[in-house]
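> sequence and predicted structure, then a few things I'm wondering about:
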Amino acid sequence: MLRGSAGRAYYGAVFVLIARQSMAEGLEWAGYGAFEPRTFFESAQYEQHPHRGVSPSAVVAPELRYEWAEGSDRITVIPFYRYDANDENRTHWDLREANWQHFNGPWTWLVGVGKVFWGVAESRHLVDIVNQTDLVEDIDLEEKLGQPMIHLEHWSEIGTLGVFLLPGFRERTFPANDARLRGPLPIANHDAVYDSGVGDKRVDFALRWTRAVDSWDIGLSGFYGNGREPRLVPQLIAPGSLFLVPHYDVISQLGLDVQYTQEAWLWKLEMIGRSGQGEEFGAFVGGFEYTFYSVQNTNTDIGVLAEYLYDARDDAAPPTTLDDDVFVGARFTLNDLDDTNILVGANIDVNNREAISIVEAQRRFGERWTLSAELRLFSNVSESGLLAGFRKDGYLSLDAAWYF
Amino acid sequence: MKNGKYLCALFLAWVPVSVFAQSDESMTPEAKGLVIAQEASRRNEGYGDTAVDLTMELSSADGRSRERILSWQIRESNDPQDGDKSLTVFHEPRDIAGTGFLSHTHISREDDQWLYLPSLKRVKRIASANISSAFVGSEFAYEDLLSDEVEKFSYRWLKDEPCGEWVCFVVERIPEYENSGYSREIVWIDQTDYRIYKTEFYDLKGALKKVLYVENYQKYLDKFWRAHVLRMENVQTGKTTTLTFKPYVFQSGLTEQAFSPAALRRIR
């Protein structure tokens, strides 16, 4: 879902390059390491889940950047590794980035593994489709796997146009059979099925145009290729063992994202049209964020958010819980020495009141440590719904991160 | 930021003080205040663009302190009807390194502001009504650092008086833009080079809230004065924020593109 106002800014560094100014050449090391134990409040729903209580986990993500030619060329390498004591699938590594960027006037090239973000909404990132979700990291769908790409972008006064060639499909990660946050049936992680004849060797294609005009930020996007969301199809893999097999379809998707900013108001809308998964369907998320600044003559800012989510997909498409939902939340930014911020929010299904609630809080200790807490609770979960498997998986994650 | 209030609002030396000689007696205090502000602004015209690295030290009343390291780039507007553009990039603390803050100031309408969150690769337009909030937990509000086009205030000359080694005009100015956290400001401006000596900020109840001391001026390109220490003291809370600047770099050819929201993604 959404982060505190500074995001969960994972990346540390020494120098920065913007244009042909204030730039440094050469090598730079940065990154972070963190302990992120999760505590599950209830004993597990499924007998395969042996553990309860504290589930230890740790992450390391170093970052290496090398710049030359007065900063017009840059190589970025960001490997990522997580160890999880109770989920063998969550113990994984990934190349978040490994790319060469070249800046030449209005042109930007990126070749290699990269990450992009599209969109404006907070509760769901509908138009954001380039990078696959690293679901074992967090079920909020915000953590992404690195995506191999050739990305060419051109800036001009009338907007920024980007073209993406995306070879090397990434499959979504899922928790292990005996892990928490899994769902009622185990997922056959290594048996994914593709609609496309060339499977994960398919080269996908995407376009993105953005422009800021006065108080408007507008984005248009198109995607053609292996959809990032799999259908999960029940299948007998061996006698007596029923698994969910991920099916990836070839889809076409058009997206629009718009933000209108006025005074303390942000008005946001994202919508998509998608074909290739059941009947062609549309979906949107729209709402606002309003901020009260310097509340009660303190430094604290309080932002209030509300969004409505609708999705018209049919049963032949990958299921979503966000078909007719309301998100409400509040963001507290204390603006203190240690950048304390707190976010509370809930996604509530309009029809059956199923709700996912979150509390995220973060502050810095000294110059290099941050402590953060994330609480996620599931309530009013229906026995038969998509969230049924998470019914007893409410948890608190306490993270201590060190940046270098 | 045209003037970039205190960062850049520093001024040529060759205009004679006699700007006022013929009109001193007949001018109203309001007209004289405006003329002083216009002259200060005029002396900063033509700087083109500047870039500077700086350290921000935040100190609380109980003696705790924190340090932030950032860089600023500012590009003067070609359009006299529009404001300047600035880009702030954070280097430390490390957990927010690479975070970018882009501002397009305007005279006739609200400013535009974007934030770049490097871990998410997300460019996010933020509301511009935040101008009275604390900038990254410091004693500087956004409005203290951005956008002080002459047209955004009304002015009144109060008196002349010695200020340190200089003689200053003392001018009151009242924000005419919306959402300001101040009822008025009193600015001491040196009569020779139109450099700001100090500024007092009064809160909306009329009480003195903060005092800014501007120090260590140096002249660049033979005509642009820039301060290298800005110390903001909050007299109500006892907290202090000090900005210490490295040498400024002028006219390195920063393009319009470098101040576009899309360019934020080039930070990292």
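Nice, I can see it. Keep in mind the model is a prediction, meaning the values are calculated, not measured.
> so where's chain A shaky on pLDDT?
A:1-24, A:47-52 (pLDDT under 70).
> and chain A, is the helix or strand where B:Ile186 lies touching that?
Here B:Ile186, judged by DSSP states H and E, is contained in strand B:182-190. No: remark: strand B:182-190 sits outside contact range of chain A, by C-beta under 8 Å from any C-beta of the partner chain, the gap being at least 11.8 Å. (Each C-beta comes from the backbone N, C-alpha and C, glycine too.)
> now do the strands in the stretch 101-250 of chain B.
For the stretch 101-250 of chain B, strands defined by DSSP state E, counting those that start in this stretch occupy the ranges B:112-117, B:122-126, B:153-163, B:166-175, B:182-190, B:196-203, B:208-220, B:224-234, B:240-245, B:249-250.
> with mean neighbour count and mean pLDDT added, can I get those in CSV?
Output for the strands of the stretch 101-250 of chain B, formatted as CSV (neighbours: other C-beta atoms under 10 Å in any protein chain shown; pLDDT from 0 to 100):
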stretch, mean neighbour count, mean pLDDT
strand B:112-117, 22, 95
strand B:122-126, 21, 95
strand B:153-163, 15, 96
strand B:166-175, 19, 96
strand B:182-190, 21, 97
strand B:196-203, 20, 96
strand B:208-220, 17, 96
strand B:224-234, 20, 96
strand B:240-245, 20, 97
strand B:249-250, 16, 96
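> of all those strands, which one is nearest A:Thr39?
strand B:112-117 (27.6 Å; C-beta to C-beta).
> can you tell me the strand partners of the closest one and which way each runs?
Looking at strand B:112-117 with DSSP bridges, its partner strands are strand B:100-106 (antiparallel), strand B:122-126 (antiparallel).
> let's have those in JSON lines, adding distance to B:Leu54.
What follows is those, written out as JSON lines (distance: least, C-beta to C-beta, whole Å):
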{"stretch": "strand B:100-106", "distance to B:Leu54": "14"}
{"stretch": "strand B:122-126", "distance to B:Leu54": "22"}
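> what is the neighbour count of A:Gln296?
7 (other C-beta atoms under 10 Å in any protein chain shown).
> what about it, distance to chain B?
13 Å (C-beta to the nearest C-beta, to the nearest Å).
> cool, and A:Glu367?
From A:Glu367 to chain B the distance is 5 Å (C-beta to the nearest C-beta).
> could you do A:Val250 as well?
Per C-beta to the nearest C-beta, A:Val250 is found 26 Å from chain B.
> surely that residue touches A:Val198?
No: taking contacts as C-beta atoms under 8 Å, A:Val250 lies outside contact range of A:Val198: 10.1 Å.
> those two - which one has more neighbours?
The neighbour count for A:Val250 versus A:Val198, taken as other C-beta under 10 Å, is higher for A:Val250 (17 against 10).
> ramachandran angles for the more buried one?
Here is the backbone geometry of A:Val250 (degrees, to the nearest 10): phi -80, psi 120.
> ok, now which ones touch it?
A:Val250 makes contact with A:195-196, A:202, A:224-227, A:276, according to C-beta atoms under 8 Å, 6 or more residues apart in numbering or on different chains.
> list the beta-bridge partners for it.
A:Asn226.
> look up how far A:Pro230 lies from it.
Applying C-beta to C-beta, to the nearest Å, the value for A:Val250 to A:Pro230 is 12 Å.
> between the contacts of A:Val250, which is nearest chain B?
Chain B lies nearest to A:Gly225 out of the contacts of A:Val250, by C-beta to the nearest C-beta, at 20.0 Å.
> once you drop chain neighbours, what's closest to the closest one?
Using C-beta to C-beta, 6 or more residues apart in numbering or on different chains and skipping the chain neighbours, the partner closest in space to A:Gly225 is A:Asp204 (2.5 Å).
> thought A:Tyr194 was touching A:Pro230?
No: the pair A:Tyr194 / A:Pro230 is not scored as a contact, 9.8 Å apart, by C-beta under 8 Å.
> which neighbours do the two have in common?
A:247-248.
> out of those two, which sits in the more crowded spot?
Legend: neighbour count by other C-beta under 10 Å for A:Tyr194 and A:Pro230, higher for A:Pro230 (23 against 19).
> the more buried one and A:Pro246 touch, don't they?
Yes: counting by C-beta under 8 Å, A:Pro230 touches A:Pro246, with 3.6 Å between them.
> anything in contact with each of those two?
A:171-172, A:192.
> so A:Thr320 sits in a strand?
No: counting by DSSP: H, G, I helix; E, B strand; the rest coil, A:Thr320 is not found in a strand; it is coil.
> list the beta-bridge partners for the closest residue to chain A within the stretch 101-250 of chain B.
In the stretch 101-250 of chain B, the residue that lies nearest chain A is B:Leu117 (3.5 Å; C-beta to the nearest C-beta). Here B:Leu117 sits in beta bridges with B:Arg122, as judged by DSSP bridges.
> ok, now how distant is it from A:Ala316?
36 Å.
> up against chain A, what does the stretch 151-268 of chain B have?
B:178-179, B:181, B:203, B:249, B:252-258, B:260-263, B:266-268.
> picking that back up, scan the contacts of A:Val250 and report the most crowded one.
A:Asn226 (26 neighbours).
> which residues does it contact?
A:Asn226 touches A:169, A:194-196, A:200, A:202, A:204, A:248-251, counting by C-beta under 8 Å, 6+ apart.
> distance of it from A:Val245?
A:Asn226 is 15 Å from A:Val245, by C-beta to C-beta.
> and for B:Ser154?
71 Å.
> what of A:Ile187?
8 Å.
> whichever helix in chain B runs longest vs strand B:196-203, what angle?
The longest helix of chain B (DSSP state H) is helix B:29-42. Put simply, helix B:29-42 runs at 120 degrees to strand B:196-203, going by axes from the mean of the first three to the mean of the last three C-alpha atoms, to 10 degrees.
> report how many residues lie close to the closest residue to B:Ser108 other than its chain neighbours.
Leaving aside its sequence neighbours, B:Ser108 sits nearest to B:Gln81 (C-beta to C-beta, 6+ apart; 6.8 Å). Counted with other C-beta under 10 Å, residues neighbouring B:Gln81 total 10.
> then A:Val54?
14.
> so which helix or strand takes in it?
Using DSSP H and E, A:Val54 falls in strand A:53-55.
> quote the end-to-end distance of stretch B:239-258.
Using C-alpha to C-alpha, to the nearest Å, the end-to-end distance of stretch B:239-258 comes to 35 Å.
> which ones among the contacts of A:Asn226 are found in strands?
When DSSP state E is applied, the contacts of A:Asn226 are split such that A:194, A:204, A:248, A:250-251 fall in strands.
> find the centremost residue of chain A, please.
Residue closest to the mean C-alpha point of chain A, counted by C-alpha atoms, centre = their mean, is A:Glu142 at 1.6 Å.
> so it makes contact with A:Ser123?
No: in this structure, A:Glu142 is not within contact of A:Ser123 by C-beta under 8 Å, at 10.9 Å.
> show me the contacts for B:Tyr155.
B:Tyr155 neighbours (C-beta under 8 Å, 6+ apart): B:30, B:33-34, B:36-37, B:171-174.
> same thing with A:Phe205?
Counted by C-beta under 8 Å, 6+ apart, A:Phe205 has contacts A:164-166, A:223-225.
> need the max-distance pair from those residues.
Among these, A:Leu165 and A:Phe223 lie farthest apart (C-beta to C-beta), at 12.0 Å.
> got any residues that touch both of those two?
In contact with both A:Leu165 and A:Phe223: A:204-205, using C-beta under 8 Å, 6+ apart.
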